[in-house]
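Asks: Sequence first, then the predicted structure:
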Amino acid sequence: MAEKWTRREFLGKAAGASLGLALPTILPGRVWSAPTPANDRITLGFIGLGGMGTGHLQGFVGNPQVQVLAVCDVFEPHRLQAKRIVDGRYGNSDCTAYRDYRDLLARDDIDAVVIATPDHWHTLISLHACQAGKDVYCEKPLTLTIAEGRILVNAVRRYGRVFQVGSQQRSEGNFRFACELVRSGRIGRVHTVRTGFGYGPQGGDGVDQDPPPGLDWDFYLGPAPLVPFNPDRFLGNFRWFYDYSGGKMTDWGAHHNDIAQWGLGMDESGPVEVEGQGRFPTAGNFDTAIWFHLEYTYANGVKLICGEGHGARFEGTEGWVHVDRGFLEADPPELLREKLGPTDVHLYESPGHHQDWLHCIRTRQRPICDVEIGHRSVTVCHLGNIAIRLGRKLRWDPVQEKFLDDAEANRWLHRPYRAPWHL
């Protein structure tokens, strides 16, 4: 049975207690049983209400299957705006706005949470949510480091949570059909996959200054290093700092490299080698890569080349399939008119990324982008960032999840947290 902490236990332990690096793992494929929420509606809380968080809130608040009970953000204008959105939908609702996510998680009347904070907070809040007995929808990229991902997967399994990662392309029919064609052998033996998603910006000319009114800057930084407030580090620009994210590599790689993994059948594995080049900003505050070209090799010899273009293109001995948002092309073109038969590969068909998560909360099945999938896909992106920052070819063991014969590279698997936050 899934564990659940009381409010007093949770508030006392969440910030200071060690979460452990070796939580027990549940065997793949296990479906946890738990009662359907007593109320017909699933009760939700939202943590992180900037651009993506507000978008998710607006998507869920109109769904009659849910009731939003709480919102949380360290920036007062965001949390008050979110409360107005909820109140506007329900009238004089009981939605409570919080600054500290731990107060939201301590509520026994909330079934699940949607997390859309900057990336460096994803793991810690998700772990605490699992310990508090909440199911989780967490924005991509799932983690800031590779080690965080394995810790999070183990925690989700230990506490029996339904966890959906926000790599929503898996819930779009064109991506699923492209991967089904590839995995059903329609393009022959796959030898190369090419992914592209643009490059990062060079810039950031903001100066250190006092935080805006209503912002708890120390809490915003959380486990990241303590630095003065700078507008370039706030809101959407957090993506261009390695302290909080991984640049375009993780921001968009968590979408298209995720599809590469899906099409290759590597949802519980990954490449064994990575090498590449990157260029970094020479001016401004941003520090993530502005250009990169990476080549990954899988144990079966397939190459994943990450660089130019957009989307995911699978190349085989008998043709190719190229898929992107609103785009699907193939050679030979008649591939797109093929009907898959009963002996072909039929992948999980999602009713929509949000709806799939809600359905799985009720059935206790794993959703289309389960935590293990999100971890493995963003690991590909983290491997790329480590390779271009170290500037050399790296060998990777996807079973043990460590670099081979490279102590320096293995030190990049995790970053220390700023006290009092720690794993």
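Replies: Cool, got the structure.
Asks: Show me the chain divided up by domain.
Replies: Annotated domains of the chain cover 7-169, 172-347+371-413 [automatic domain parsing].
Asks: so can I have JSON lines of these showing mean neighbour count?
Replies: Placement of C-beta: from N, CA and C, glycine included. Formatted as JSON lines, the domains of the chain follow (neighbours: other CB atoms under 10 Å):
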{"stretch": "domain 7-169", "mean neighbour count": "20"}
{"stretch": "domain 172-347+371-413", "mean neighbour count": "18"}
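Asks: Which one of the ones you listed has the poorest average confidence?
Replies: Of all the domains of the chain, the minimum mean pLDDT falls on domain 7-169 (a mean of 84).
Asks: I'd like the domains of the chain laid out as a markdown table, including distance to residue 360.
Replies: Output for the domains of the chain, formatted as a markdown table (distance: least, CB to CB, whole Å):
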| stretch | distance to residue 360 |
| --- | --- |
| domain 7-169 | 5 |
| domain 172-347+371-413 | 12 |
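Asks: Ok, which of these comes nearest residue 362?
Replies: Among the domains of the chain, domain 7-169 comes nearest to residue 362, with 5.2 Å by CB to CB.
Asks: Would you map the helices across the stretch 201-350 of the chain?
Replies: 217-221, 247-251, 253-264 (DSSP state H, counting those that start in this stretch).
Asks: which residues sit in contact with the residue lying closest to residue 168 once chain neighbours are set aside?
Replies: Distances taken as CB to CB, 6 or more residues apart in numbering put residue 353 closest to residue 168, at 4.0 Å, once the chain neighbours are dropped. By CB atoms under 8 Å, 6 or more residues apart in numbering, the contact list for residue 353 reads 164, 166, 168, 170-171, 368-369.
Asks: Let me have these in a markdown table, extended by secondary structure and distance to residue 292.
Replies: Shown next, in a markdown table, are the contacts of residue 353 (DSSP: H, G, I helix; E, B strand; the rest coil; distance: CB to CB, whole Å):
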| residue | secondary structure | distance to residue 292 |
| --- | --- | --- |
| 164 | strand | 28 |
| 166 | coil | 23 |
| 168 | helix | 24 |
| 170 | helix | 24 |
| 171 | helix | 28 |
| 368 | coil | 28 |
| 369 | coil | 24 |
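Asks: now, the most widely separated pair of those residues?
Replies: Farthest pair in the contacts of residue 353 (CB to CB) is 166 and 368. Separation: 11.3 Å.
Asks: Need the outlier residue of this structure, farthest from its centre.
Replies: Most distant from the centre of the chain: residue 334, at 34.5 Å, with distances by CA atoms, centre = their mean.
Asks: rewinding a little: for the contacts of residue 353, which one is nearest residue 223?
Replies: Nearest to residue 223, judged by CB to CB, of these is residue 166 at 20.6 Å.
Asks: hang on, the earlier thing: who wins for proximity to residue 393 among the helices of the stretch 201-350 of the chain?
Replies: Among those, if distance is taken as CB to CB, the winner is helix 247-251, at 17.2 Å.
Asks: All good on my end, thank you.
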